[in-house]
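Peer 1: mind folding the following:
(one chain, ligands or ions: 1)
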Amino acid sequence: MKKDLLGIGDLTPDEIYAILDTAEAMREIGQRTIKKVPTLRGKTVVNLFYEPSTRTRTSFEIAEKRLSADTLNIAVAQSSVLKGETLADTALNIEAMQPDFIVLRHASSGAGHLLSRICKSRIINAGDGTHEHPTQALLDAFTIREHKKRIEGLKVVIVGDLLHSRVLRSNVLLLTSLGAEVWACGPPTLVPIGLDRLGVRASTSIDEAVADADVIMMLRIQQERMHGAFVPSLREYFTTFGMTVERVARAKPDVIIMHPGPMNRGVEIASEVADGPYSVILEQVANGVAVRMAVLYMLAGETETEN
Ligand code: CP
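Peer 2: Predicted coordinates for the structure are as follows:
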């Protein structure tokens, strides 16, 4: 693997499968009475989150602690960022304290690439603007493979705010590289130009898109990234693109319903679907810990999980 994990494009299909296989072993650690191994003892991980996060930040921290790393979280709202310090200066000052990893979430696409150029620490992208969220795509692939036993040949339909979604981009890169048939569905105003060049079938008809799907992945409407009216109203959006029990019935009988979170219930997904029998949404969250343990372990270049 490369020094940093900035995007799915950094990984070959063999490396993706190696991370998924390693995550299987890491998950077993989480099922023990003592959920801790000394693999990253003596390593320091700084979690630097400039955007809000519940799942990613918490699961990275749990993953780091399960691997015995020394871990600390920079509370950006209480840091010198508020005094005008740039991302580069903040990173260089953290770097001066010689951490081994910096896990970065930032509103600007490419923020991880900037840190990668100026830091010796290993950089893990925990979501950069509308660009990529590689560990989310890896945990999504782990969850899909667990249920379907394969990824190649599956029809995976991604529905929602495609334009602003880093989860879409990372999932498209990962799933197409492993041979899935990827569909993307949303209102014309929220379909990015050039999606077809990534090997994705774009549709503005949800009924067409979900027909015979193996996997339906819902995306959040990201109002915080919208500068203008992309949908007439949230009520109309739900009527046209919201995932309902009736729409799920058009997919394969063993379809799984995914969502990276946080969900807007009643906007992109009905509660009956989010909490229903096909939903694997909380499994995705649980799998995030094992997958992030695997990423940390493999980037550290270690060879043993046990001791
Ligand atoms: N899926 C995800 O990135 O969730 P958080 O924003 O809560 O980390």
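Peer 1: helix/strand/coil for Gly42?
Peer 2: coil (DSSP: H, G, I helix; E, B strand; the rest coil).
Peer 1: quick one: contacts for it?
Peer 2: For Gly42, the contacting residues are Asp70, by Cβ atoms under 8 Å, 6 or more residues apart in numbering. No exception for glycine: its C-beta is placed from N, CA and C like everyone else's.
Peer 1: any idea how far it lies from the ligand?
Peer 2: Distance, Gly42 to the ligand, using Cβ to the nearest ligand atom, to the nearest Å: 27 Å.
Peer 1: ranges for the helices of the stretch 101-250 of the chain?
Peer 2: Secondary structure of the stretch 101-250 of the chain (DSSP state H, counting those that start in this stretch): helices at 111-118, 134-148, 166-177, 206-210, 234-241, 245-248.
Peer 1: can you lay out the ones you listed as a markdown table showing distance to Gly30 and mean neighbour count?
Peer 2: What follows is the helices of the stretch 101-250 of the chain, written out as a markdown table (distance: least, Cβ to Cβ, whole Å; neighbours: other Cβ atoms under 10 Å):
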| stretch | distance to Gly30 | mean neighbour count |
| --- | --- | --- |
| helix 111-118 | 26 | 20 |
| helix 134-148 | 13 | 24 |
| helix 166-177 | 23 | 24 |
| helix 206-210 | 33 | 18 |
| helix 234-241 | 35 | 16 |
| helix 245-248 | 30 | 15 |
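Peer 1: of those helices, which is nearest the ligand?
Peer 2: helix 134-148 (5.3 Å; Cβ to the nearest ligand atom).
Peer 1: what's the closest one packed up against?
Peer 2: helix 13-30, helix 55-66, strand 122-128, helix 166-177, strand 215-218, strand 256-258, helix 281-300 (3 or more Cβ pairs under 8 Å, 6 or more residues apart in numbering; DSSP states H and E).
Peer 1: so which of those comes closest to Gly110?
Peer 2: Nearest to Gly110 among those is strand 122-128 (6.3 Å), distances taken as Cβ to Cβ.
Peer 1: show me what that closest one is packed against.
Peer 2: Looks like strand 122-128 contacts helix 55-66, strand 101-106, helix 111-118, helix 134-148, helix 281-300 (3+ Cβ pairs under 8 Å, 6+ apart).
Peer 1: switch the cut-off to 7 Å
Peer 2: On a contact count with 3 or more Cβ pairs under 7 Å, 6 or more residues apart in numbering; DSSP states H and E, strand 122-128 meets helix 55-66, strand 101-106, helix 111-118.
Peer 1: reformat these as JSON lines; add distance to the ligand and mean pLDDT.
Peer 2: Putting the helices and strands packed on strand 122-128 into JSON lines (distance: least, Cβ to the nearest ligand atom, whole Å; pLDDT from 0 to 100) gives the following:
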{"stretch": "helix 55-66", "distance to the ligand": "3", "mean pLDDT": "98"}
{"stretch": "strand 101-106", "distance to the ligand": "7", "mean pLDDT": "97"}
{"stretch": "helix 111-118", "distance to the ligand": "14", "mean pLDDT": "97"}
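Peer 1: closest one to Tyr297 among those?
Peer 2: helix 55-66 (9.0 Å).
Peer 1: tell me which parts of the chain are close to the ligand?
Peer 2: For the chain, the residues in contact with the ligand (Cβ under 6 Å from any ligand atom) are Ser53, Thr54, Arg55, Thr56, Gly127, Gln136, Pro260, Gly261, Pro262.
Peer 1: for those residues, which PyMOL command selects only the ones that are buried?
Peer 2: Listed next is the PyMOL selection for buried residues among these, using 16 or more other Cβ atoms under 10 Å:
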select buried, resi 53+55+56+127+136+260+261
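Peer 1: Ile123 and the ligand: what is the separation?
Peer 2: Distance from Ile123 to the ligand, by Cβ to the nearest ligand atom: 17 Å.
Peer 1: for Ser80, that is, sorry about that
Peer 2: Ser80 is 24 Å from the ligand, by Cβ to the nearest ligand atom.
Peer 1: also Ile8?
Peer 2: 15 Å.
Peer 1: show me the chain divided up by domain.
Peer 2: With domains defined by automatic domain parsing, the chain comprises 8-133+287-306, 134-284.
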